[in-house]
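Q: sequence and predicted structure are below.
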Amino acid sequence: MLHEPHNLRAKFLDGTIETGKILHPSPQSCGFLTGEFMDVYDQRILRSIQEVADLTHAELAERVHLSPSQCARRLDRLRAAGYIERTVAILNRERLGLDVLAHVLISLQAHEGAQNDAFRRFINDAPEVLESYMQSGDADLLMKVAVRDLEALAEFIDRLIKVSGGLAALRSYIVLRSIKTVSA
């Protein structure tokens, strides 16, 4: 890290320090006022582990241009600060025989306690549901569903309608091709 001899903090705050002279690129991008610092190396680490989560510290060090021990310390700090929520394995759904991926939009008929609780339990327990979001707009819920074929999707939708006690609307959209998927 390069330091200028006088008034480094003032130059940092007003943005006159050039990128690369210190580790913290700007007060806006690193949470300067909150005391949380995320520099370009932290960003490289996060990007790298988002692509390949099981990199060794040595492999990570090569990617981000730091020592393995620095990478380990930074990873620990990023985890402790909550930037890394968890590390998971992303399974190949086609290899598992789940050839149909669909987005299902649902508008509920009623928004009442017991019926909604049963519906939420069904969604949480259904292995077909990869993701589910309550949202604003025309539909109440958006679900990402993976099944083996269209017949399995129809069976899932039948179970969904039954447990809900009836829906105001349901629309399903079959994914033809993934263009971009990231985990954050």
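A: Alright, I've got the coordinates.

Q: what about Leu78, neighbour count?
A: 16 (other C-beta atoms under 10 Å). C-beta: built from backbone N, CA, C; applies to glycine.

Q: please enumerate the helices of this structure.
A: Ranges of helices in the chain, per DSSP state H, are 8-14, 27-30, 40-51, 57-64, 68-80, 113-125, 150-164.

Q: so which of these gets nearest Val175?
A: Closest approach to Val175 among these (C-beta to C-beta): helix 150-164, 11.4 Å.

Q: name the residues of that closest one that are buried.
A: By 16 or more other C-beta atoms under 10 Å, the buried positions in helix 150-164 come out as Ala152, Leu153, Phe156, Ile157, Leu160, Ser164.

Q: show me the contacts for the residue lying closest to the third one once chain neighbours are set aside.
A: Nearest residue to Phe156 in three dimensions, chain neighbours excluded: Glu128, at 5.0 Å (C-beta to C-beta, 6 or more residues apart in numbering). The contact partners of Glu128, by C-beta atoms under 8 Å, 6 or more residues apart in numbering, come to Val145, Ala146, Val147, Ala152, Phe156.

Q: now with 7 Å, please.
A: Residues in contact with Glu128, defined by C-beta atoms under 7 Å, 6 or more residues apart in numbering, are Val145, Ala146, Val147, Phe156.

Q: okay, these in JSON lines with pLDDT and distance to Asn92 next?
A: Listed next are those as JSON lines, based on pLDDT from 0 to 100; distance: C-beta to C-beta, whole Å:
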{"residue": "Val145", "pLDDT": "98", "distance to Asn92": "17"}
{"residue": "Ala146", "pLDDT": "98", "distance to Asn92": "11"}
{"residue": "Val147", "pLDDT": "98", "distance to Asn92": "15"}
{"residue": "Phe156", "pLDDT": "97", "distance to Asn92": "20"}
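
Q: pLDDT below threshold where in the chain?
A: For the chain, applying pLDDT under 70 flags the ranges 1-36, 184.

Q: mind checking how far Val175 is from Ile106?
A: For Val175, the distance to Ile106 (C-beta to C-beta, to the nearest Å) stands at 17 Å.

Q: these two - which one has more neighbours?
A: Using other C-beta under 10 Å, the more surrounded residue of Val175 and Ile106 is Ile106, with 23 against 13.

Q: chain neighbours aside, what residue packs nearest to that one?
A: Leu141 (4.3 Å).
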